[in-house]
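Engineer: could you look at this predicted model? Sequence included:
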Amino acid sequence: MPKSPKDSVRRLLTESWENPALQAELMAPQITCHVASYPKPLEGVERYSEFQAAYRSVLGDVHFTVEDLLMEGDRVAARWTAWLGEGEAPSEVGSSEDPVAVMGISIFRFEGDRIVESWESWDSLSLLAHDPDVLEKLSFTL
């Protein structure tokens, strides 16, 4: 049975951080990714993979919870929370061992069963609260 675009987006967000090879299955080779805090789009699945690997190297464990998926025409919008650190969600409110939550919204455009373009935006202030030097550490990815 063919996968739906919403299923593909859910898999990309929840599985590809631990299984980067999945990106080549779900994204077109010539994908264009527009990231809100970056000066120019990421062109191609290989560049997207490098971008994601840079974030993994700086942030460590990243787990996504998909909060909403909405589809209209050839686009899927996702509202998500990324958990930075050990575990997938807080164990106890206020615990210093809880992972940091970073909320974001992504929009994905499909051609056939592949993602060909995306727009990414997330709560950068939460990243800075987690690690004040995160932007400097990630500057090589620009």
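Structural biologist: Okay, I see it. Numbers count the residues shown, from 1 in each chain.
Engineer: run through this protein and note the low-pLDDT ranges.
Structural biologist: Scanning the chain for pLDDT under 70 picks out the ranges 1-2, 86-98, 139-142.
Engineer: all strands of it, in order?
Structural biologist: Taking DSSP state E as the criterion, the chain carries its strands at 27-35, 42-43, 62-72, 75-84, 100-111, 114-122.
Engineer: TSV for those, including distance to Thr14 and mean neighbour count?
Structural biologist: (C-beta placed from N, C-alpha, C; glycine too.) Below are these laid out as TSV (distance: least, C-beta to C-beta, whole Å; neighbours: other C-beta atoms under 10 Å):
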stretch	distance to Thr14	mean neighbour count
strand 27-35	15	17
strand 42-43	20	16
strand 62-72	5	14
strand 75-84	9	19
strand 100-111	12	18
strand 114-122	15	18
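Engineer: what would these look like in JSON lines with distance to Leu128?
Structural biologist: JSON lines is the format used below for those (distance: least, C-beta to C-beta, whole Å):
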{"stretch": "strand 27-35", "distance to Leu128": "16"}
{"stretch": "strand 42-43", "distance to Leu128": "21"}
{"stretch": "strand 62-72", "distance to Leu128": "16"}
{"stretch": "strand 75-84", "distance to Leu128": "12"}
{"stretch": "strand 100-111", "distance to Leu128": "10"}
{"stretch": "strand 114-122", "distance to Leu128": "12"}
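Engineer: for Arg10, which of these is the nearest?
Structural biologist: strand 62-72 (5.3 Å; C-beta to C-beta).
Engineer: neighbouring strands - and their directions - for the closest one?
Structural biologist: Sheet pairing of strand 62-72 (DSSP bridges) gives strand 75-84 (antiparallel).
Engineer: ok, Tyr48 to His130 distance?
Structural biologist: Distance of Tyr48 to His130, given as C-beta to C-beta, to the nearest Å: 22 Å.
Engineer: more neighbours: those two, which one.
Structural biologist: Tyr48 (24 against 15; other C-beta atoms under 10 Å).
Engineer: so who does that one touch?
Structural biologist: 23, 27, 31, 33, 42 (C-beta atoms under 8 Å, 6 or more residues apart in numbering).
Engineer: nearest residue to the last one in space, please, no chain neighbours.
Structural biologist: Think Leu42. Distances taken as C-beta to C-beta, 6 or more residues apart in numbering put Cys33 closest to Leu42, at 4.1 Å, once the chain neighbours are dropped.
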